[in-house]
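Undergrad: What shape does this take:
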Amino acid sequence: MLSAAHRLRTSDDIRTTIRRGRRAGSRTVLAHGRLGARSSGDPSRIAFVVGKQVGNAVTRNTVKRRLRALMSTRLGLLPDGSDVVLRALPPSARRSSPELAHDLDLVLDRLNQSRTSS
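TA: This is a model prediction of the structure:
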């Protein structure tokens, strides 16, 4: 479970992260990230977007819980002060947790690489 300090909550923050952040995707997850955008002492914040295209409410909540659990163990991969919005794509509902974890790692690596290359 993510603590309250690690949740990206306001719609303005989410909108800013999507519009101004870098984008990286895989077949199941799309990430918008502003890595290190805030001061270095601030915790990284995450938001999850799981739309109706993923499935019914039970399926969406399951996908969101799985992503939240996977992301809680990967917070250390993000620089301090980062904001990330993770959007679940429709195939995420049919993937196993290891496959979803692999896609999430791939997306986070791509975000970190795009940060260092610019």
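Undergrad: Which residue ranges of this protein form helices?
TA: Along the chain, the segments classed as helices by DSSP state H run 11-20, 57-72, 97-117.
Undergrad: Which of these comes out lowest on mean pLDDT?
TA: Looking over these, mean pLDDT reaches its minimum on helix 97-117, with a mean of 88.
Undergrad: just to revisit the earlier point, among the helices of the chain, which comes closest to residue 80?
TA: Evaluated over these, closeness to residue 80 peaks at helix 97-117, with 12.8 Å, by Cβ to Cβ. Bear in mind the C-beta positions are built from the backbone N, C-alpha and C, glycine included.
Undergrad: pull the CA atoms of that closest one into PDB?
TA: This file holds the C-alpha atoms of helix 97-117, laid out as PDB (Å, rounded to 0.1, in the frame of the first residue of the first chain):
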ATOM      1  CA  SER A  97       1.200 -10.200 -12.000                       C
ATOM      2  CA  PRO A  98       4.700 -11.200 -13.200                       C
ATOM      3  CA  GLU A  99       3.900 -10.000 -16.700                       C
ATOM      4  CA  LEU A 100       2.500  -6.800 -15.300                       C
ATOM      5  CA  ALA A 101       5.600  -6.400 -13.100                       C
ATOM      6  CA  HIS A 102       7.800  -6.900 -16.200                       C
ATOM      7  CA  ASP A 103       5.900  -4.200 -18.200                       C
ATOM      8  CA  LEU A 104       6.000  -1.800 -15.200                       C
ATOM      9  CA  ASP A 105       9.800  -2.300 -14.900                       C
ATOM     10  CA  LEU A 106      10.200  -1.700 -18.600                       C
ATOM     11  CA  VAL A 107       8.200   1.600 -18.400                       C
ATOM     12  CA  LEU A 108      10.100   2.900 -15.400                       C
ATOM     13  CA  ASP A 109      13.400   2.100 -17.000                       C
ATOM     14  CA  ARG A 110      12.300   4.000 -20.100                       C
ATOM     15  CA  LEU A 111      11.300   7.000 -18.000                       C
ATOM     16  CA  ASN A 112      14.600   7.000 -16.200                       C
ATOM     17  CA  GLN A 113      16.600   6.600 -19.500                       C
ATOM     18  CA  SER A 114      14.700   9.500 -21.100                       C
ATOM     19  CA  ARG A 115      15.600  11.600 -18.000                       C
ATOM     20  CA  THR A 116      19.300  10.900 -18.300                       C
ATOM     21  CA  SER A 117      19.400  11.400 -22.100                       C
END
